[in-house]
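S.K.: Sequence first, predicted coordinates after that:
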Amino acid sequence: MAAAPALGVVLSAMVTPMRADGAIDLDEAQRLATFLVDAGHDGLVVSGTTGESPTTSAAEKDQLLRAVVEAVGDRAVVIAGVGSNDTAKSIESAQLAQKAGAQAALAVTPYYSKPPQSGLVAHFTAIADASDLPVMIYDIPGRSVVSIARDTYLRVAEHARITAVKDARGDLPFAREIMQSTGLDWYSGDDALDMAHFANGAVGFVGVTSQVAPAAYRRLADAVRSGRWGDALAVNDGLVGIVDAVMNVTQGAIMAKAALMLQGHLGTATVRLPLLPADESETARLQAALATIPT
C-alpha cells in the first residue's frame, strides 16, 4: 500500500450548521466535525461551496474554522476554503486561515470573471505565496466556466506549496495525463466518479455525500487502498442511490443538510438565500435513499 497522502484520503466539504434564524451554530459545527472524524474522515474542508462560502462573512468563516480546528484539528486535516474571484480577498483569506490553525487551503478557480489562463497562474501562485499552507486547487468548470488548461497545471505545479487538485471537470483521460505530468495529489471532486477517479490514480476524494454516509465511504477507501477492488465496487454500488439523491435532485448543500438533519446530526436544515431548504418531495426522496446506504 502506498503511503497515505499528506492531506488524507477520505475528506468531506463539510456543511455549515445554522440555527433556524440563519446564524452559524459553532457548537453544532464542532459536534458534526467530531462525528465525521470519529466515523473515519481524514480531513474536512471548512467554508467550501458546500459550506455556503458565498454567503458567509469573513468573520463567520474565521469563527467556524477556529471552532473546527479546536474540535478535531489534532486528529484530522482541516482545510480552509479560501478561493473566490477576487485574488486580494483570497490572499487575505489564506493568511487568516493560517492564523486560525488550518493545515491546508482549498482555492477554487475564480468564477464568473472568466480570467485568461495567465490570470489563473497568477491567482493560484499569489494564494500559495500568501501563507505557508499547502494549497489544493479546485477545478470545477461547471461553476467557474473556465477550465484549468494543461499548461496552467504544469506551471502551477512548479510551486512547492501547490500540492493537490480537487477535480470536478469529469475528464478522466485529462486527469490521468496531468497526474502523470505533475505528480500532484489528485482528489475526486465528483461524488458519482469517486471509484473511476480511484481507478485512474486519484489518492482520495473530497465529497459531499461522504458526510452523509461516512462509514461506508471509509470502507470504500480502505478497500481501494488495500487492493480489494471487488469489495470497493460493492460499497460503491450501494451508494448510488444516496449520491443521486444528494447531488442530482437540487443543490448539494441543501440535500446534505436535509440528510444530516434526518439522521439527527443537525438540528435544522437551514440554508441562506439564494438557497432554500429541501421541500417535501425532495426530503421524501432523500429519506428513501438514506435507507439504502450500505451498512
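M.R.: Great, that's in hand. These numbers come from a predicted model, not from an experiment.
S.K.: what about the protein, any weak spots by pLDDT?
M.R.: Within the chain, the ranges that satisfy pLDDT under 70 run 1-2.
S.K.: quick one, helices of it?
M.R.: Residue ranges of the helices in the chain, as given by DSSP state H, are 26-38, 58-72, 87-100, 117-130, 141-144, 150-156, 172-182, 194-200, 214-225, 229-247, 252-262, 280-290.
S.K.: any chance of those in a markdown table, plus distance to Ala6?
M.R.: From N, CA and C alone the C-beta is placed, and that goes for glycine too. Below are the helices of the chain laid out as a markdown table (distance: least, C-beta to C-beta, whole Å):
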| stretch | distance to Ala6 |
| --- | --- |
| helix 26-38 | 17 |
| helix 58-72 | 17 |
| helix 87-100 | 16 |
| helix 117-130 | 15 |
| helix 141-144 | 25 |
| helix 150-156 | 17 |
| helix 172-182 | 15 |
| helix 194-200 | 18 |
| helix 214-225 | 15 |
| helix 229-247 | 22 |
| helix 252-262 | 26 |
| helix 280-290 | 33 |
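S.K.: Would you mind saying which of the ones you listed lies nearest Ile79?
M.R.: Across the helices of the chain, Ile79 has its closest neighbour in helix 87-100 (8.8 Å, C-beta to C-beta).
S.K.: Who are the packing partners of the closest one?
M.R.: For helix 87-100, the packing partners by 3 or more C-beta pairs under 8 Å, 6 or more residues apart in numbering; DSSP states H and E come out as helix 58-72, strand 77-81, strand 104-108, helix 117-130.
S.K.: winner for burial among the helices of the chain?
M.R.: Highest mean neighbour count of the helices of the chain: helix 252-262, a mean of 24 (counted as mean count of other C-beta atoms under 10 Å).
S.K.: could you give the angle of that one to helix 26-38?
M.R.: 90 degrees (axes from the mean of the first three to the mean of the last three C-alpha atoms, to 10 degrees).
S.K.: can you start the count at 57 instead of 1 from here on
M.R.: Done: numbering now begins at 57, and the last item shifts to helix 308-318.
S.K.: Any chance you could list what contacts helix 308-318?
M.R.: 71, 88, 105-108, 264-265, 267-268, 298, 301-303, 305, 322-327, 331-334, 338-339, 342-343, 346 (C-beta atoms under 8 Å, 6 or more residues apart in numbering).
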